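K.L.:
quick one: sequence and predicted model below, then my questions.
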Number of protein chains: 2
Amino acid sequence: MDLNPARGTRDLLPATVALRDHVLAKITEVYGGYGYQRIETPALENIERLRGGQGGENQKLIYEVLRRGLEPTVPAGTPLADLVDLGLRFDLTVPLSRFYGANRASLPQPFRSFQFGPVWRAERPARGRYRQFNQCDIDILGEPSVLAEVELIEATSAALAAAGVEGTTVRVSDRRFLSAVAERSGAPAESWDRLFITLDKLDKIGWEGVRAELAERAGLAAAAIERIAEMITGLQGLDAAKLTDQLANTVPNLDEDVLSDLSTLAGGLPEGVVWEFDPALVRGMGYYTGQIFEVTHPASGGSVAGGGRYDRLVGRFLGTDVPACGFSIGFERIVDLLGTAPAREAVAVLYESDTPARTVLAVARSLRAGGRTVSPVRRSGKFGAQLSRLEEWGYTSFVHLRADSAEAGEERQLGDKSP
Amino acid sequence: MDLNPARGTRDLLPATVALRDHVLAKITEVYGGYGYQRIETPALENIERLRGGQGGENQKLIYEVLRRGLEPTVPAGTPLADLVDLGLRFDLTVPLSRFYGANRASLPQPFRSFQFGPVWRAERPARGRYRQFNQCDIDILGEPSVLAEVELIEATSAALAAAGVEGTTVRVSDRRFLSAVAERSGAPAESWDRLFITLDKLDKIGWEGVRAELAERAGLAAAAIERIAEMITGLQGLDAAKLTDQLANTVPNLDEDVLSDLSTLAGGLPEGVVWEFDPALVRGMGYYTGQIFEVTHPASGGSVAGGGRYDRLVGRFLGTDVPACGFSIGFERIVDLLGTAPAREAVAVLYESDTPARTVLAVARSLRAGGRTVSPVRRSGKFGAQLSRLEEWGYTSFVHLRADSAEAGEERQLGDKSP
């Protein structure tokens, strides 16, 4: 029988889980200090909710669950969709929006949510990409001002640093800025979605690729494309002190709020958070309405965290809009960056097959009383070879109980080559 | 739009998650001391593995997942089963057996596994019963002797006590004992499965109900039923000192190992673990092969933990048997028993709509530097009413930032009625 986990999923072995738990504990501690409270939503959601959540490409990757109680043979002409009533969540933001709508009477205002949990996407498996992976999100619901954005950036930068991811840069943009650029370029409004999707690829395909795609796939006129390229390249790498003036000059149709929100961000972030305005930052999801952000790290190709304001997503569930802003740490990516678990200290109580069980258990118990990690292990094979295996398995010392003695031998360190 | 979670599932609010995390942290600490290492397996498993896992009734409750890439209309005569390739796991034992088979070369011998995670069963929803719930299991794989059983009972009793569940009793029996009783009664071997399932209901339907069902559904002769009832009632409530003698007298065909394993258990368990032999204990799953156990608590109707030895389950995946023994804490049940989360301490930084954001953030930051939980909250409505809400939401104190002052006001306790 094939023993591998289902295609695109993976088993997590003890050392991997230990590292993940360590990283999560650090993040949890920081977010807790900011007052984010952990919630959980079910893995399964009604399928129509998942399909109506503006999840973009992710909605095509939903694992769909069969209704219960169906007949063993499907009647002729049945649409596949009729057989399905539930799906596995593909992110934590759509469920959060539903959760907030359902439970807001019991929640603080504003509500600071922390979520950590698995999501599922039926993507083509690839190196480092899994069909089940964990997301790690904080969100503020009910706070309309940019104070939410600044706090999210501050908290996430602190959480990444606590987890050991240092030297990060926060790239910031604003969906309202992108719309103003599009408007000023003269590109027709119906082409904006495609325009933003294309712009999002600048990192990968460069200006040449972006220009070609804007002409061919978004149908933009050459003049509009040039105006867009000019505005965006002119605003790259700006000094924070000159940023708002330059933005106002380059994009005079820009809303005042975009500028004042950027000023508040600049003045509100603590020293030590390195950030820059990135006029080419787009982010994929359709639901963003204001500032958007990504965190980059020199050792990682993509971003290690990302988020933004989405003031109209909760309204799709609740009927009335609720201001909302969130930041998601790429948990799997930072675990890969960090790579090694904290050291473990563990004692093996080696016993012979005829050592009385009560002796083994009592010795283990007394060693454990000091708060140590202690496990009985039966003697087998050559002594030296077994000690090597114990070391390999993460034991750091051992005691050897001989059959003829009720006393534990002296505790000895593993890896200590003295006799 | 309906905002409730999918039928039979639930949202977990912050106070509930805080309690669950607290209980889990206590259990994790105890199990860590015994050397159990946490692993994770994917939620989705190939459907044929789930169906071949001796999961008993649970196999009928599997959430089945549609293959990807199917046509939108199902061709006539398609068996429903052809549309499915994955399912959500219904327990953590079947995935553990697969995991051990796949990864044993990288695992310590014996391997002490700790698992905590969600499982899914499409059961009829009822009070306190959910379609997604968490299991909390420890297992020892690769240890053939009863030392495994004793350690599991010791560790689980300690974990329950650390979580706050005190006054528990461990009920112990052995599948080999039940087989010997069945054999000695003269019941034909093909009726034993039904016999054990019926006996498992003794708590609920009493001897009268058991007798009737054994006659009607298991087809046992009256004499066999009487012999079974006599053996079992004669062995109930025995003093531990007399246990092995009485067992040997009542069931002389009993294997010597069953008696010596019980003696080892009696001698090996630490003081403070209250246990008793329960000749009517059966447990539902088909895969048990040796000792079985359940933990009861006076405040809970059912058991709060259960487990046993299953030496032949891993072999179904691996081809060769691996001795294995596990204990599962009824996590949802003990969380219900405990009921309240540990107290939270949190400071609200109350600010007016025209307080500068940088002031709000800086005050929050300086209060947070002492390791405290601090969140900005915008002033709104009547002051006294807002303070009451803050208290309700779990804030314990506040500072009030007036718009005209860059200084934080004095910190005041919530619930303190002095002006």
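P.N.:
Thanks, I have it.

K.L.:
am I right that A:Asn134 is in a strand?
P.N.:
Yes - looking at A:Asn134 with DSSP: H, G, I helix; E, B strand; the rest coil, it is inside a strand.

K.L.:
next, count neighbours for the nearest residue to it once chain neighbours are set aside.
P.N.:
The shortest distance from A:Asn134 to any residue other than its chain neighbours is 5.0 Å, reached at A:Phe331 (C-beta to C-beta, 6 or more residues apart in numbering or on different chains). Any C-beta I mention is one placed from the backbone N, CA and C, and that applies to glycine too. Residues contacting A:Phe331 under the criterion other C-beta atoms under 10 Å in any protein chain shown number 21.

K.L.:
any idea how far A:Ala162 is from A:Phe331?
P.N.:
Distance of A:Phe331 to A:Ala162, computed by C-beta to C-beta, to the nearest Å: 14 Å.

K.L.:
now A:Ile334
P.N.:
In terms of C-beta to C-beta, A:Ile334 sits 11 Å off from A:Ala162.

K.L.:
so for those two, which sits in the more crowded spot?
P.N.:
A:Ile334 (23 against 18).

K.L.:
unless I'm mixing things up, that one is touching A:Val304, no?
P.N.:
Yes - the pair A:Ile334 / A:Val304 is scored as a contact, 5.5 Å apart, by C-beta atoms under 8 Å.

K.L.:
shared neighbours, the two?
P.N.:
Here A:Ile334 and A:Val304 have A:Leu160, A:Val165 as joint contacts, going by C-beta atoms under 8 Å, 6 or more residues apart in numbering or on different chains.

K.L.:
list the residues that contact A:Ala18.
P.N.:
A:Ala341, A:Pro342, A:Arg344, B:Gln37, B:Arg38.

K.L.:
between the residues you listed, which is closest to A:Leu414?
P.N.:
Using C-beta to C-beta, A:Arg344 comes nearest to A:Leu414 of these, at 12.0 Å.

K.L.:
state the three-state secondary structure for the closest residue to the closest one other than its chain neighbours.
P.N.:
Excluding its sequence neighbours, the residue lying closest to A:Arg344 (C-beta to C-beta, 6+ apart) is A:Gly394, at 5.0 Å. Per three-state DSSP, the local secondary structure of A:Gly394 is coil.

K.L.:
for A:Gly394, grab the count of nearby residues.
P.N.:
Counted with other C-beta under 10 Å, the neighbours of A:Gly394 add up to 20.

K.L.:
what's the domain layout of chain A?
P.N.:
Domain segmentation of chain A under automatic domain parsing yields A:14-338, A:346-413.

K.L.:
any idea of the mean pLDDT for the first one?
P.N.:
Think domain A:14-338. The pLDDT scores in domain A:14-338 average 93.

K.L.:
could you find the closest non-adjacent residue to the residue of the stretch 301-419 of chain A found nearest chain B?
P.N.:
Residue nearest to chain B within the stretch 301-419 of chain A: A:Ser375 (3.2 Å; C-beta to the nearest C-beta). Nearest residue to A:Ser375, sequence neighbours excluded (C-beta to C-beta, 6+ apart): B:Gly35, at 3.2 Å.

K.L.:
thinking again about what came up before, so what's the residue nearest to A:Asn134 up against?
P.N.:
A:Arg20, A:Val23, A:Leu24, A:Phe116, A:Phe133, A:Asn134, A:Gln135, A:Cys136 are the contacts of A:Phe331 under C-beta under 8 Å, 6+ apart.

K.L.:
switch to 10 Å and redo it
P.N.:
Residues near A:Phe331 by C-beta atoms under 10 Å, 6 or more residues apart in numbering or on different chains: A:20, A:23-24, A:27, A:116, A:133-137, A:163, A:304-305.

K.L.:
try A:Arg184
P.N.:
So A:Arg184 contacts A:Ala224, A:Arg227, A:Ile228, A:Met231, A:Thr250, A:Val251, A:Pro252, A:Asn253, A:Leu254 (C-beta under 10 Å, 6+ apart).

K.L.:
going through the residues you listed, which ones are buried?
P.N.:
Burial by neighbour count, judged by 16 or more other C-beta atoms under 10 Å in any protein chain shown, picks out A:Ala224, A:Arg227, A:Ile228, A:Met231, A:Thr250, A:Val251, A:Leu254 from those.

K.L.:
contact residues of the stretch 101-250 of chain A facing chain B?
P.N.:
Contact residues (C-beta under 10 Å from any C-beta of the partner chain) of the stretch 101-250 of chain A with chain B: A:101-104, A:106-115, A:117-118, A:120, A:122, A:130-132, A:134, A:140, A:142-151, A:154-155, A:158.

K.L.:
those residues in strands, which ones?
P.N.:
Per DSSP state E, strands hold the following members of these: A:Phe111, A:Arg112, A:Ser113, A:Phe114, A:Gln115, A:Gly117, A:Pro118, A:Trp120, A:Gln132, A:Asn134, A:Ile140.

K.L.:
hey, what's the nearest residue to A:Asp278 once chain neighbours are set aside bridged with?
P.N.:
Spatially, and ignoring its direct neighbours in sequence, A:Asp278 is nearest to A:Arg171 (3.9 Å; C-beta to C-beta, 6+ apart). Beta-bridge partners for A:Arg171, by DSSP bridges, are A:Glu276, A:Glu294.

K.L.:
close enough to count as contact, A:Arg171 and A:Gln291?
P.N.:
No - checked against C-beta atoms under 10 Å, the pair A:Arg171 and A:Gln291 is beyond contact range at 11.1 Å.

K.L.:
quick one, which of those two is more surrounded?
P.N.:
Neighbours were counted for A:Arg171 and for A:Gln291 using other C-beta under 10 Å; A:Gln291 has more, 25 against 18.

K.L.:
gap between the residue nearest to A:Asn134 and B:Ala324?
P.N.:
As judged by C-beta to C-beta, A:Phe331 and B:Ala324 stand 31 Å apart.

K.L.:
now A:Glu391
P.N.:
According to C-beta to C-beta, A:Glu391 and B:Ala324 sit 25 Å apart.
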